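1. What would the 3D arrangement of this be:
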Amino acid sequence: MTEKSFIPLNIAVLVVSDTRTDADDVSGKTLTDRITAAGHRVSEKKIVPDNIYRIRATVSNWIADDTVNVILTTGGTGVTGRDGTPEAIMPLLDKILDGFGETFRMLSYQEIKTSTIQSRAIAGVANATYLFCLPGSSSACRTAWDNLIKEQLDFRTRPCNLAQLMPRLMEK
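-> Got it, this is the predicted structure:
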């Protein structure tokens, strides 16, 4: 059997926060550092306030951009009045990857016990672009990337991975 080569993807990162700036954003930096360490490219990184329309507008632009393969958001997945990332993203999705949120919470339980029920982490596909909405803590970003996302975006992962499905996402 022939060894498959690594295929770098273009990944956009959106930090959802009313208070963070590039200077003090730890979660977005955690993700961008891990993306580049894995051999992928950060196509763009933005910080937007907890506002479903601002979130949706930014993500919609990336979904429409054929050069963006994956979008990672961090923040806004909790249960407070300002947390609206899932509400912003869900209407944009063509398909939901239910297993992502379920598995993330299972892994997160090992670290933060029952507090994981407060996480509304979701993932899905929109216009052949994968989207992963992660909690705002850098620990949650590490858990999601290191234990779920990194391997699924690596074309070499067996028995299967999300990257190998990219050419087929637009099939009807």
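
2. where along the chain do the helices fall?
-> For the chain, helices defined by DSSP state H occupy the ranges 26-37, 52-64, 85-89, 98-112, 138-144, 150-152.

3. Just the CA trace of the third one, in PDB.
-> Taking Å, rounded to 0.1, in the frame of the first residue of the first chain, the C-alpha atoms of helix 85-89 are listed here in PDB:
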ATOM      1  CA  THR A  85     -22.200  31.400  17.900                       C
ATOM      2  CA  PRO A  86     -24.300  28.300  17.300                       C
ATOM      3  CA  GLU A  87     -27.300  30.400  16.400                       C
ATOM      4  CA  ALA A  88     -25.200  32.400  14.000                       C
ATOM      5  CA  ILE A  89     -23.700  29.300  12.300                       C
END
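
4. List the buried residues of it.
-> 85-86, 88-89 (16 or more other Cβ atoms under 10 Å). For every residue, glycine as well, the C-beta is placed using N, CA and C.

5. Return the closest of those with respect to residue 123.
-> residue 89 (9.3 Å; Cβ to Cβ).

6. thought that closest one was touching residue 73?
-> Yes - with contacts defined as Cβ atoms under 8 Å, residue 89 counts as touching residue 73 at a distance of 7.2 Å.

7. Need the overlap of contacts for those two.
-> 55, 59, 131, 133 (Cβ atoms under 8 Å, 6 or more residues apart in numbering).

8. Who wins on neighbours among the residues you listed?
-> residue 133 (30 neighbours; other Cβ atoms under 10 Å).

9. hang on, the earlier thing: please render the helices of the chain as CSV that adds mean pLDDT to the earlier fields.
-> Formatted as CSV, these follow (pLDDT from 0 to 100):
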stretch, mean pLDDT
helix 26-37, 98
helix 52-64, 98
helix 85-89, 98
helix 98-112, 97
helix 138-144, 98
helix 150-152, 98
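
10. out of these, which comes closest to residue 171?
-> helix 52-64 (17.6 Å).

11. which residues are contacting the closest one?
-> Outside helix 52-64, the residues touching it (Cβ under 8 Å, 6+ apart) are 12, 14, 16, 43-44, 46, 48, 68, 71, 73, 76, 84-85, 87-89, 91-92, 126-127, 129, 131.

12. what about 6 Å?
-> By Cβ atoms under 6 Å, 6 or more residues apart in numbering, the residues outside helix 52-64 that reach it are 12, 14, 16, 46, 48, 68, 71, 84-85, 87-88, 126-127, 129.

13. Please apply the same query to stretch 130-144.
-> So stretch 130-144 is in contact with 26-27, 30-31, 70-75, 77, 85, 89, 104, 107-108, 119, 121-124, 149, 162, going by Cβ under 6 Å, 6+ apart.
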